[in-house]
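Asker: one predicted model, sequence on top.
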Amino acid sequence: MLISVVLAHPHRGSFNHAITETIIAALEECGHVVAFHDLYAENFDPLLPYDEIPRDAPLPPSVAAHCVEIAAADGLVVIHPDWWGMPPAILKGWIDRVLRPGVAYRFLEGDAGEGVPVGLLRAKAALVFNTSNTPQERELEVFGDPLERLWKDCICAFCGIPVVHRRMFSVVVTSTDGQRRAWLDEARRLAREVFPSDSA
């Protein structure tokens, strides 16, 4: 299987990077091909130009390459921190520019864009990891966990990915080395469960 892994965190020493390294290793141990993108390291431009909005618009080579890859992926893994209940702007820009009409979804003939689209992505599952410094109880009671709705309903279901698993690790800022090791073990197990070995 081809698994697309997308990371959005500006600090190379972050726990997000540790999660990513763990996930990539687990996927490769299961025999999968990993297409990895560290959006900050790649300096991905998150700004969606007006001329790029139409479905058949010409795309910069780097964006076109992302589109080809995500269209071919059998699975998706996304790792990012929870910033204001949202992904970092660089990841939101990746969503805007890469999960585009004709690549990730299309509207039925005669639909001018007001209806329910048909998802086009071939990925059968997505795995999303988030980090936060907000206790889980407060996240749910006060904020309602907006990232859950965003990834499951607004993005993955919209683009045709039927199965979405999401895990929030918190509170990271006060976590111990032992807690982080346990979280990485959990991330490794989830990756193997969601994307088992092709020979299994």
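Answerer: Received the coordinates, thanks.

Asker: which residues of this protein fall in strands?
Answerer: 2-7, 33-38, 75-81, 105-106, 118-119, 125-131, 163-169 (DSSP state E).

Asker: who wins for proximity to Asp198 among those strands?
Answerer: Closest approach to Asp198 among the strands of the chain (Cβ to Cβ): strand 33-38, 10.0 Å. C-beta here means a position set from N, CA and C on the backbone, and glycine is covered the same way.

Asker: for the closest one, which positions count as buried?
Answerer: 34-38 (16 or more other Cβ atoms under 10 Å).

Asker: nearest to Phe44, of the residues you listed?
Answerer: His37 (7.5 Å).

Asker: chain neighbours aside, what residue packs nearest to that closest one?
Answerer: Leaving aside its sequence neighbours, His37 sits nearest to Val6 (Cβ to Cβ, 6 or more residues apart in numbering; 5.2 Å).

Asker: redo the buried residues of strand 33-38 as TSV? Include pLDDT and distance to Ala104.
Answerer: TSV is the format used below for the buried residues of strand 33-38 (pLDDT from 0 to 100; distance: Cβ to Cβ, whole Å):
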residue	pLDDT	distance to Ala104
Val34	98	20
Ala35	98	16
Phe36	98	19
His37	98	16
Asp38	98	21
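
Asker: tally of neighbours for the closest residue to Ala125 other than its chain neighbours?
Answerer: If the residues on either side of it in the chain are set aside, Ala125 comes closest to Val163, at 4.1 Å by Cβ to Cβ, 6+ apart. By other Cβ atoms under 10 Å, 14 other residues sit near Val163.

Asker: do the same with Val63
Answerer: By other Cβ under 10 Å, neighbour count at Val63 equals 18.

Asker: my guess is the residue nearest to His37 meets Glu69, correct?
Answerer: No: using Cβ atoms under 8 Å, Val6 makes no contact with Glu69, being 10.0 Å away.
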